[in-house]
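Trainee: Structure for the following, please:
(one chain, ligands or ions: 1)
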Amino acid sequence: MSSDMSNPKVIRNYKFRIYPNKEQERIFFRWQETCRRIYNNALAQRKETWEREKQSISRTEQQVWLKENKKENGFFKEVHSQVAQEVLFRVDRAFDGFFRRVKNGETPGYPRFKGKGHYKSITYTQFGDGLGASFQNGKLKLSKIGLVKIELHREIPGTIKTVAIKKEAGGNWYAVFAVEIDKSQFEIHLGSATGLDVGLEKFASMSDGNTIENPRYLRKTEKRLKHAQRNLSRKQKGSRNRKKARYKVAKLHTKVRNQRKDFLHKESRKLVEIYSLIAVEDLNIKGMVRNHHLAKSISDAGWSEFLAMLCYKAEDAGSKIVKVNPCGTSQDCSNCGNTVPKELSIRIHQCPFCGLVLDRDINAARNILKKALALEAA
Ligand SMILES: [Zn+2]
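Mentor: Down below sits the predicted model:
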């Protein structure tokens, strides 16, 4: 048996934020536009051949064509050869899909030309030292573009095959790595499913009754920070003592941030190892800011940061995160489904319909799990 058979690989995408400078951004845009033109030209060639002879040109034939054109066309020449060649692969894929459907007796729409602004990414097809793209001193090195600042917020657990650069609708730039990983890393997770509710007193509660407490060491540092901030406000402007106090505040700020991050990493890792499915509320943080109690707890606990960690760690652990609509999760009875209205200060869910008495957050976590299981079954 070949090693490939016993150790099958999968390709997964890993996305990282990048921070190109103005000049690099201009190059990205210019290359995107050039790639769009290459794409449309290659498409036109194939279309004509298909209509004339009911034959398709191969990618290798088009590679020769591209090489010839690069000699004369300054824009074509500027684009890195891998990036330009990769465009032809995209044309290939578009045609593969087209011909597959023709074969199946369908009458598919012909692959489309891409309008201005509709070619959204460029791709380097080789990654590693001395190849088109690589890492260098913690930055992303792109041949013919230079070093681009990248936020490597997580490990990449395999071999990088390609990297695509794109700008998303929100205005941020990203590098998307296609990574080859041993499939064994994604074996089916045998853990159970749980609902998770972000709490006011506790960091989170689970539907099975487990809870995550806010760590005491973090509270301690936060207290020290508050104290240092008060101290700073009492110091005279311009004084040396003020400078010292300001330094202390900054130092404690960093400490709180790091401790909080450590805590979130640790807890999210534990959760994805234990549970195969974790149901969470799809919290529209904006909508919840109106309730300032909850808003404080959410921002303090770093819930959105936690959720992001859960999502990417779940992927590696083979566990699944399901986001549900938070509507009614705290008010509904997780046993009989009746609505039991209660203020935020009421910590116990007491159902007058079925008699269930349960911690408010655990009741909510159970409702969150129910909703997720219903979504999964649908
Ligand atoms: Zn009930």
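
Trainee: Quick check, pLDDT for residue 132.
Mentor: As predicted, residue 132 sits at a pLDDT of 92.

Trainee: which residues does it contact?
Mentor: 80, 82-83, 124-126, 142-143 (CB atoms under 8 Å, 6 or more residues apart in numbering). To be clear about C-beta, it is placed using only N, CA and C from the backbone, and glycine gets the same treatment.

Trainee: Now intersect those with the strands, please.
Mentor: 124, 142 (DSSP state E).

Trainee: and the contacts of residue 132, which two are the farthest apart?
Mentor: 125 and 142 (12.4 Å; CB to CB).

Trainee: residue ranges of the helices in the stretch 201-350 of the chain, please?
Mentor: For the stretch 201-350 of the chain, helices defined by DSSP state H, counting those that start in this stretch occupy the ranges 216-234, 240-274, 285-288, 292-301, 303-317.

Trainee: Around the ion, which positions in this structure sit nearby?
Mentor: Those residues of the chain that sit near the ion, judged by CB under 5 Å from the ion, are 333, 335-336, 351, 353-354, 356.

Trainee: Pull out the buried residues from those.
Mentor: 333, 351, 356 (16 or more other CB atoms under 10 Å).

Trainee: didn't the second one look like it was pressed against residue 340?
Mentor: Read that as residue 351. Yes. Using CB atoms under 8 Å, residue 351 is in contact with residue 340, at 5.4 Å.

Trainee: before we move on, back to that, mind putting the residues of the chain next to the ion into TSV with distance to residue 97?
Mentor: Listed next are those as TSV, based on distance: CB to CB, whole Å:
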residue	distance to residue 97
333	49
335	49
336	50
351	54
353	54
354	53
356	53
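
Trainee: Return the member of those nearest to residue 193.
Mentor: Among the residues of the chain next to the ion, and counting by CB to CB, the member closest to residue 193 is residue 335, at 17.6 Å.

Trainee: Show the backbone phi and psi for the closest one.
Mentor: As for residue 335, its main-chain torsions (degrees, to the nearest 10) stand at phi -90, psi -50.

Trainee: Would you agree it is in contact with residue 357?
Mentor: No. The pair residue 335 / residue 357 is not scored as a contact, 10.1 Å apart, by CB under 8 Å.

Trainee: Overlap in contacts, those two.
Mentor: Counting by CB under 8 Å, 6+ apart, the residues touching both residue 335 and residue 357 are residue 351.

Trainee: on that earlier part again, could I get the helices of the stretch 201-350 of the chain in CSV, plus columns for mean neighbour count?
Mentor: Shown next, in CSV, are these (neighbours: other CB atoms under 10 Å):
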stretch, mean neighbour count
helix 216-234, 14
helix 240-274, 15
helix 285-288, 12
helix 292-301, 15
helix 303-317, 19
